[in-house]
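Colleague: show me how the following folds:
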Amino acid sequence: MDRFQWREAFRVGDGVVDEQHKRLFSLLAGLYQDIHSQQAQLAVQVALQELVDYTQHHFADEEALMRSIDYPEYASHKALHDGLMAQVGEMHARCQSGLEDMSIELLEFLSAWLTQHILEHDRAVGRFLRTRE
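Modeller: I've put the predicted structure just below:
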């Protein structure tokens, strides 16, 4: 379960963003536990919805930060956020429809995406932010 834990390597350098990233990893870990402890499907759906909602909140805050510092890669970074939310929305809808259990697939996808996104794109925002201080 280590892959669902925040690590110092993910630190961006902005306190709010870093705390939100920690919360996202915590939500992923909770979803993992619900899935693997044979919790009722409803518990998984509730955890998944919380993760989706918090991700949207986090992206809005992160995008506001990028706009406030005139981050030159804002448009492409926002496009990554929008793309993720579209993919997650589609997978989440399939889960909720009861047609298929996508919980594990979605969890794996989100974990990989979040890790790669933080290490590559969000840390770049942090580096840019430090040049503005």
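Colleague: where does the protein dip in pLDDT?
Modeller: Applying pLDDT under 70 to the chain picks out residues 1, 38-42, 98-103.
Colleague: the helices in the protein, which residues?
Modeller: Ranges of helices in the chain, per DSSP state H, are 15-36, 41-68, 74-96, 103-117, 123-132.
Colleague: got JSON lines for these, with distance to F4 and mean neighbour count too?
Modeller: All C-beta atoms are positioned from the backbone trio N, CA, C, and that covers glycine. Putting the helices of the chain into JSON lines (distance: least, C-beta to C-beta, whole Å; neighbours: other C-beta atoms under 10 Å) gives the following:
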{"stretch": "helix 15-36", "distance to F4": "4", "mean neighbour count": "18"}
{"stretch": "helix 41-68", "distance to F4": "11", "mean neighbour count": "16"}
{"stretch": "helix 74-96", "distance to F4": "16", "mean neighbour count": "14"}
{"stretch": "helix 103-117", "distance to F4": "6", "mean neighbour count": "17"}
{"stretch": "helix 123-132", "distance to F4": "19", "mean neighbour count": "14"}
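Colleague: what's in contact with stretch 25-37?
Modeller: 1, 4-6, 10, 43-44, 47-48, 50-51, 54, 103-104, 107, 110-111, 114 (C-beta atoms under 8 Å, 6 or more residues apart in numbering).
Colleague: can I get the CA coordinates of that stretch in CSV?
Modeller: Provided in CSV are the C-alpha atoms of stretch 25-37 (Å, rounded to 0.1, in the frame of the first residue of the first chain):
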residue,chain,number,x,y,z
PHE,A,25,-3.2,10.2,-1.3
SER,A,26,-5.1,9.6,1.9
LEU,A,27,-8.3,9.3,-0.1
LEU,A,28,-6.7,6.9,-2.4
ALA,A,29,-5.5,4.8,0.5
GLY,A,30,-9.0,4.8,2.0
LEU,A,31,-10.5,3.7,-1.3
TYR,A,32,-7.9,0.9,-1.5
GLN,A,33,-8.9,-0.3,2.0
ASP,A,34,-12.6,-0.2,1.2
ILE,A,35,-12.1,-2.2,-2.0
HIS,A,36,-9.8,-4.8,-0.4
SER,A,37,-11.8,-5.2,2.8
